[in-house]
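Student: Return atomic coordinates for the entry below.
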Amino acid sequence: MVSSTFSFLAATALLVASPTAAQMIGNWDILYQALATDFQKTVANEVAVDYRIGKGRAYQVDLFEKDCVGSITGMTITPTTNRTAGVTADHDGLEVMIDLDKSKITFSNIWLDGSLQFCIRLQLLSGGEVIKEE
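Tutor: You can find the predicted model right below:
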């Protein structure tokens, strides 16, 4: 009887100490939160997009034409990011700020039908490999 009780306790301790597959995989969320724009003459970072991403995940941000394939031409457009760790237990906050040359918008390939249209690609990475993309 003692050996069966010991085996049960050892198995229970092993289950409690071992992380589940879901815990090892972790959180790969990309959750869009908000978009803000400000095109006043003196403002830099005219576009700001807020996300929540999996806590501690490496990321990459790229900008493209509306089709999410072609390069942006005819103007300078630069993304910068600001990460806020631990916004929730599972998520970091990520703000993508986009600075563009307002004087050249209408000469660019992202000025379509009287509006600014472009694609932001956000990728979560592991060891240089893309795990999730939005």
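Student: switch to C-alpha atoms for all contacts and neighbour counts from now on
Tutor: Will do.
Student: Which positions in stretch 106-123 come out as buried?
Tutor: Buried residues in stretch 106-123, counted by 16 or more other Cα atoms under 10 Å: 108, 109, 110, 111, 118, 119, 120, 122, 123.
Student: what about the strands in the protein?
Tutor: 30-37, 47-54, 58-65, 77-84, 91-100, 111-112, 115-116, 118-126, 129-133 (DSSP state E).
Student: For the longest one, give me every contacting residue.
Tutor: If you take Cα atoms under 8 Å, 6 or more residues apart in numbering as the criterion, strand 91-100 is touched by 27, 29, 44-56, 61, 75-87.
Student: again, only this time at 6 Å
Tutor: Where contact means Cα atoms under 6 Å, 6 or more residues apart in numbering, the residues beyond strand 91-100 that reach it are 44-55, 76-87.
Student: List the neighbouring strands of it plus their orientation.
Tutor: Its sheet considered, strand 91-100 pairs with strand 47-54 (antiparallel), strand 77-84 (antiparallel) by DSSP bridges.
Student: again with the third one
Tutor: For strand 58-65, sheet partners with direction are given as strand 118-126 (antiparallel), following DSSP bridges.
Student: Identify the residues contacting the partner strand?
Tutor: So strand 118-126 is contacted by 58-66, 68, 110, 130-134 (Cα under 6 Å, 6+ apart).
Student: Can you tell me which of the residues you listed is closest to residue 38?
Tutor: residue 110 (17.3 Å; Cα to Cα).
Student: any chance of the strands of the chain in TSV, plus mean pLDDT?
Tutor: Conversion of those to TSV gives the following (pLDDT from 0 to 100):
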stretch	mean pLDDT
strand 30-37	97
strand 47-54	98
strand 58-65	97
strand 77-84	96
strand 91-100	97
strand 111-112	94
strand 115-116	93
strand 118-126	97
strand 129-133	96
